[in-house]
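[1] Everything below, folded, please.
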Amino acid sequence: MVDRSFSTYPQLLHNVRVEDREKRVAWKDCEPLQQAISRAEVAMGSAGRVLVRASGTEPLIRVMVEAQAADVVTYWTKELVDVVEQHLAA
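    A predicted model of the protein is given here:
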């Protein structure tokens with residue numbers, strides 16, 4: 001029997017190339033990114049989630065957003081990717 005209490009949400013994964021290994025490894029120390037993640041989490045509440053992590057095999061920061069509404073997913077993914085590009089990939 002399938003559990004009907006589980007419902008899937010729209011999800012978007014975007015990879016941002018970050019060549020600087022030190023910036024990539026220390027992405028959690030990037031205050032503007034941490035603030036943007038917090039804003040996204042507060043805005044979505046229990047209706048979404050954010051996952052940001054450095055790839056273990058490629059020079060990438062992976063940004064994944066999942067939420068009930070696709071427009072919310074698109075908005076927060078773009079916001080977070082913009083911060084990563086501005087503060088880590090530059």
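[2] Surely E66 is within a strand?
    Yes - applying DSSP: H, G, I helix; E, B strand; the rest coil, one finds E66 inside a strand.
[3] what's the nearest residue to it if we skip its chain neighbours?
    Q11 (4.2 Å; C-beta to C-beta, 6 or more residues apart in numbering). Using the backbone N, CA and C atoms, a C-beta is placed for each residue, glycine as well.
[4] partners of the one helix or strand R62 maps to, with directions?
    Per DSSP states H and E: R62 is located in strand 60-67. Counting by DSSP bridges, the strands paired with strand 60-67 are strand 11-17 (antiparallel), strand 48-54 (antiparallel).
[5] Run through the helices of the protein in chain order.
    Along the chain, counting by DSSP state H, helices occupy 21-25, 31-44, 70-84.
[6] The first one - contacts with which helices or strands?
    Using 3 or more C-beta pairs under 8 Å, 6 or more residues apart in numbering; DSSP states H and E as the contact criterion, no helix or strand is in contact with helix 21-25.
[7] repeat that for 10 Å
    strand 48-54, strand 60-67 (3 or more C-beta pairs under 10 Å, 6 or more residues apart in numbering; DSSP states H and E).
[8] Give me the buried stretch members for it, please.
    K23, R24 (16 or more other C-beta atoms under 10 Å).
[9] Show residues contacting that helix.
    16-18, 29-30, 54-55, 58-61, 84, 87-90 (C-beta atoms under 10 Å, 6 or more residues apart in numbering).
[10] Ok, which of the strands paired with strand 60-67 comes nearest V73?
    Among those, the nearest to V73 by C-beta to C-beta is strand 11-17 (5.0 Å).
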